[in-house]
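[1] Have a look at this prediction, sequence included:
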Amino acid sequence: MTSFLTLPIELVYRILDNLDKLTIFCSMQNVCVRFNIILNTYHRYKTLTKLDLRWNEFNNEKTKELVDTIKHFKTLITLNLAFNEIGLEGVQHLANALLHNETLITLDISFNGIGTQLAEYFANVLRQNKTLTTLRLSGNEIGEQGVQHLANALLQNKTLTGLYLNSNQIGDLGFKHLINVLQHNKTLNSLDIGHNEIGSLEAIEHLANVLRENQTLKTLDLRNNNIGIQGMQYLASALIKNTTLIELNIHENNIGVEGAQYLRNILQQNETLMILDIGSNHIGNRGAHDFADGLRQNYTLTTLDICQNGVGSEGAEHLANALQQNKALISLDLNGNQIGPRGAEYFANTLRYNKTLTTLDLYGNRIRSEGAQYLAIALEQNKTLTTLGLSCNSINDNGVQYFANALLQNKTLKNLELRENNIGSQGVEYIAIALKQNKTLISIDLRSNHIGAQGVQYLAKALQQNQTLRTLNIINNSILDEGKRYAKDILKHNSHLELHFNY
């Protein structure tokens, strides 16, 4: 009888091939001397640089076992332990191990609900560790006191570049500690303090003053706080002069119509900002008008999220007209703005002239089949758009027919999102006909429609000819057992296709 000690090394490798990363990493070491030697030559073990252990119920004991393994592991650079309810003892073991670790670069222990003590442990890490560059501590209720510990450490630390602290109840006092860091720290380039009950005008003004001089921060996330109109004015005055910030997220900050005027000033004068999220700020059509004026004169912004702002068809007209002149914007998210068929017509006209926009998301805008027709006709001419989001728009079968006809002509669109549009088997038949000829589309999202088994059959026949589609989502379409059989036929004949459906 062959024992483990005499198993051929190739057979041991084959056994290891069938184990997941966590088992290999945490349970296979120190079984015996021979196995340690084999493990150290096994390719998956030698090349393991990232370990994603989210949602693995790591209690204190399991965390300690993991930490003991990390101490002897020399290739791991990224570790994700989010959503694990680790506990204080486990976090202390982890922090102690990182004091002398020289390989880990990125650590995520978000949403473990650990509290202030977590921040104190990791403040000690930041004082001694020389390799960690990204630390994610979101959702841990560290509060103002915890932020103070981290801030004091960051005044000494010279390696951390990214700190993520959203949803930690840091408040205005904690915010002030971090502003002090930005005033003195010369390495931190990405800071996330979203959803933290920040709203002090005095603190926001202080931040603005620091941003005028700061030369390192490139990404700032302030989403879901309460900057308000006055706070937006302070930030705008700073960003007109700032020359390093590339990305700003002020989603849901109550800046309103007046705040949009200050955003216009930023767009007209700032020459470095490339990514901007101003979603859910109640700017309305008047605010959209002001913002559009800024877009006409802006030459750097490439990505804009203006979702859930109630801009309506009038605001859509202003934005669409601005994009006929703007030569920089690549991605626009306009979801949930109720632009209607008229707003869709304005953007259709823009798509005939604009040569830079590659992604347009019009989710939840009530464009209906009339608006779909305008956009589809524009797609027959457009040569730059690669992603179009039209989910939740009541397009129905008639609207889908317009897009199917466009897909026979269009040679650039790669991703089309049509979920929740009351599309039936007839609409899918139109798409299936187009798929037999279209050679560029790689992803279609048809979730939560009513295509039924008949619709899946149409798709199955089309995909016998189409070899370019890579992702198809038909979840929640009442396809029943018959439709599941057609779906399995699709997988049988299209091994390259990622198909999502209700098994």
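    Right, received. Where do you want to start?

[2] only C-alpha atoms for contact and neighbour calcs from this point on.
    Will do.

[3] Need the pLDDT of the closest residue to T133 other than its chain neighbours.
    Of all residues not flanking T133 in the chain, L160 sits nearest, at 4.0 Å (CA to CA, 6 or more residues apart in numbering). L160 carries a pLDDT value of 97.

[4] How much space separates L160 from Q128?
    According to CA to CA, to the nearest Å, L160 stands 11 Å off from Q128.

[5] Show me which of those two is the more surrounded one.
    Counted by other CA atoms under 10 Å, L160 and Q128 do not tie: L160 has more neighbours, with 23 against 16.

[6] Can you pull the phi/psi pair for the more buried one?
    phi -70, psi 130 (degrees, to the nearest 10).

[7] My guess is it contacts R136. True?
    No: counting by CA atoms under 8 Å, R136 is not a contact partner of L160; they are 11.1 Å apart.

[8] ok, how many other residues are close to F403?
    F403 has 24 neighbours, counted by other CA under 10 Å.

[9] now swap in T41 and tell me
    14.

[10] tell me the pLDDT at it?
    70.

[11] Repeat that for I9.
    On pLDDT, I9 comes in at 71.

[12] Also the one 4 residues further on?
    Model confidence at Y13, given as pLDDT, is 65.

[13] Out of the helices and strands in the protein, which is least certain?
    Lowest by mean pLDDT, DSSP states H and E among the helices and strands of the chain is helix 21-27, with a mean of 63.

[14] would you list every one of the helices in the stretch 151-300 of the chain?
    171-184, 201-213, 228-239, 256-269, 284-296 (DSSP state H, counting those that start in this stretch).

[15] The stretch 401-503 of the chain now?
    Under DSSP H, counting those that start in this stretch, the stretch 401-503 of the chain gives helices at 425-435, 452-462, 480-493.

[16] would you turn those helices into CSV with distance to A328?
    CSV is the format used below for the helices of the stretch 401-503 of the chain (distance: least, CA to CA, whole Å):
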stretch, distance to A328
helix 425-435, 32
helix 452-462, 37
helix 480-493, 40
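
[17] Go through those helices and name the closest to I444.
    In terms of CA to CA, the element of these nearest to I444 is helix 425-435, at 9.8 Å.

[18] any idea of the mean pLDDT for the closest one?
    For helix 425-435, the mean pLDDT works out to 97.

[19] same deal with stretch 367-374?
    Stretch 367-374 comes out with an average pLDDT of 98.

[20] So what touches that stretch?
    Outside stretch 367-374, the residues that touch it by CA atoms under 8 Å, 6 or more residues apart in numbering are 338-345, 348, 393-396, 398-400, 402-403.

[21] Restricted to strands, list the residues you listed.
    Of these, none are assigned to strands by DSSP state E.

[22] Type out the ChimeraX command that picks the buried ones from these.
    Of the contacts of stretch 367-374, the buried ones go into a single ChimeraX selection, burial set by 16 or more other CA atoms under 10 Å:
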select :338,339,340,341,342,343,344,345,348,393,394,395,396,398,399,400,402,403
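
[23] Filter the contacts of stretch 367-374 down to the ones in helices?
    Using DSSP state H, the subset of these located in helices is 340-345, 348, 396, 398-400, 402-403.

[24] Let me have those residues in a markdown table, adding pLDDT and distance to F175 as columns.
    Listed next are these as a markdown table, based on pLDDT from 0 to 100; distance: CA to CA, whole Å:
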| residue | pLDDT | distance to F175 |
| --- | --- | --- |
| G340 | 98 | 40 |
| P341 | 98 | 44 |
| R342 | 98 | 43 |
| G343 | 98 | 40 |
| A344 | 98 | 41 |
| E345 | 98 | 44 |
| A348 | 98 | 43 |
| N396 | 97 | 48 |
| N398 | 96 | 52 |
| G399 | 97 | 49 |
| V400 | 97 | 49 |
| Y402 | 97 | 51 |
| F403 | 96 | 49 |
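
[25] Export those residues as CSV, with columns for distance to E61.
    Shown next, in CSV, are the ones in helices among the contacts of stretch 367-374 (distance: CA to CA, whole Å):
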residue, distance to E61
G340, 56
P341, 58
R342, 60
G343, 57
A344, 57
E345, 60
A348, 59
N396, 54
N398, 59
G399, 57
V400, 55
Y402, 59
F403, 56
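
[26] residue ranges with poor pLDDT in the protein?
    1-5, 12-13, 16-17, 21-40, 42-47 (pLDDT under 70).
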